[in-house]
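K.L.:
Sequence first, then the predicted structure:
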Amino acid sequence: MDPGILQTFFVIFTGGAIIATLALFGRQPLIIAYVVLGILIGPAGLELIQDGQIVKDAAEIGIIFLLYLLGLSLVPQKLGQMLSEALVLTGLSCLAAFVLGISAGLLLQLPLTDTLILATALMFSSTILGLKLLPTTALHHRHAGEIIISVLLLQDLLAIIALTVLRSMGNEDQTSLAILGQLAALPLLIGIAWGLGRYLMPLLLQRFDRFQEYLFLLALGWGLGLAELAHYLGLSYETGAFIAGVSLATSPISLLIVESLKPLRDFFLVIFFVALGAGLPLDQIQHLILPAVLLALAVLVLKPLVFQYLMQREGEEPGLSREISVRLGQISEFSLLIAVVALDSGLILESTGTLLQLTTLICFALSSYWIVARYPTPVAMSENLRRD
């Protein structure tokens, strides 16, 4: 074995365990802790990461697992029950966030493409924070959970489309017809996943559900298989993984799949966020930190106000509207993906990508702190608010 690989994993996971402990004592999201670790051990810090390509490849696998498991948590039937309200909430809140992004881009005098991509990235709320900080009782039995899941599912579908378009724009050899072909491949992939997920997977799961090893391999093969199929159809691996998860979300075995794959997801995701921190250009951060803070604060004020107004207009109770608006009032992990894809494709300036990443991380930290301080969560600051 290459000693450089072993040293890289040692630094990432030993350092991750230490900094995660400190973050949990401070009630801070672990995502932020991993990014800080990346900054500390990356090229701008102690330069302890030896093999950057391995870290980058493993990080991409982590995103595939993340979207697979996020899809498993989003039950399409709940969208059907809330479709009318969810469409209003999603459409108008995304429009308001897009306008905010356009305004920010104009104020910062960004190029047109950078402004549009920044505005697009601000449209989405965090599925990770929305689901992980929602107690299981609320997630399955309360009206709040149904609204949150419905809005997140619609937003995530829009984010998948946005990522598909960005990847296509980054390929200079692709024509407009090829881009339209990729978008047309999306419903085809959904149809294949729905058909196999509805008729084939339940038969296999019912026939061999007592073999835990087989269930693990089947779940792994299903997610990675559809990710590969999506890539073959001209879409991204992440798109296929997300659709694979949604197609199994109603399966009685979905919770077992989530539990069995969480360790793999967490392994690769730690690497992803460490790699993200290691890649942040610290020489630019000092010039971008103030705009990032101001933009994050604007998001954290505007989004909850818009969600609260829209929900009360739909007839929701004021208290419920306030809670849901706070839980959805940040930007998403998809915003980080959009920044990474746009940077890799050469569509935006490095400074714009860094600004977007910093804004997302600040939103994560402040939003999660706000939620755990005021509302029931599994990690609430107050014992009275702590709910599993």
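P.N.:
Everything's here; your move. Numbering: from 1, shown residues only.
K.L.:
Any idea how many residues pack against Phe25?
P.N.:
As a burial measure, Phe25 scores 8 neighbours (other CB atoms under 10 Å). Quick note: C-beta positions are derived from backbone N, CA and C, even for glycine.
K.L.:
what does stretch 338-348 rub up against?
P.N.:
111, 113-114, 117-118, 120-121, 159, 162-163, 166-167, 169-171, 276, 350, 352-353, 356-357, 360 (CB atoms under 8 Å, 6 or more residues apart in numbering).
K.L.:
of these, buried ones?
P.N.:
Among the contacts of stretch 338-348, the ones that count as buried by 16 or more other CB atoms under 10 Å are 114, 117-118, 120-121, 159, 162-163, 166-167, 169, 276, 352-353, 356-357, 360.
K.L.:
Where helices are concerned, which of these count?
P.N.:
Among the buried ones among the contacts of stretch 338-348, the ones falling in helices (DSSP state H) are 114, 117-118, 120-121, 159, 162-163, 166-167, 169, 276, 352-353, 356-357, 360.
K.L.:
Going by contacts, tell me the helices and strands next to the helix or strand where Leu229 lies.
P.N.:
For Leu229, the enclosing helix or strand under DSSP states H and E is helix 212-232. If you count contacts as 3 or more CB pairs under 8 Å, 6 or more residues apart in numbering; DSSP states H and E, helix 212-232 packs onto helix 52-73, helix 176-195, helix 201-208, helix 237-247, helix 254-279.
K.L.:
Quick check: which ranges of the stretch 101-250 of the chain have low pLDDT?
P.N.:
Under the criterion pLDDT under 70, the flagged ranges of the stretch 101-250 of the chain are 136-142, 170-183, 209-210, 250.
K.L.:
Now distance to Ile31 too, for the helices and strands packed on helix 212-232, in TSV please.
P.N.:
Supplementary listing: the helices and strands packed on helix 212-232 in TSV, determined by distance: least, CB to CB, whole Å:
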stretch	distance to Ile31
helix 52-73	11
helix 176-195	28
helix 201-208	31
helix 237-247	17
helix 254-279	6
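K.L.:
Now do the buried residues in the helix holding Leu229.
P.N.:
215, 218-220, 222-227, 229-230.
K.L.:
for stretch 86-102, same thing?
P.N.:
Neighbour-count burial for stretch 86-102 [16+ other CB under 10 Å]: 86, 89-90, 93-94, 96-98, 100-102.
K.L.:
Now do the nearest residue to Gly277 once chain neighbours are set aside: how many residues are near it, please.
P.N.:
Nearest residue to Gly277, sequence neighbours excluded (CB to CB, 6 or more residues apart in numbering): Gly38, at 2.4 Å. Neighbour count for Gly38, taken as other CB under 10 Å: 27.
K.L.:
Now for Gly38: which residues touch it?
P.N.:
Residues near Gly38 by CB under 8 Å, 6+ apart: 273-280.
K.L.:
Against Met123, how distant is the residue lying closest to Thr120 once chain neighbours are set aside?
P.N.:
Leaving aside its chain neighbours, Thr120 sits nearest to Ala162 (5.4 Å; criterion: CB to CB, 6+ apart). Taking CB to CB, to the nearest Å as the measure, Ala162 falls 8 Å from Met123.
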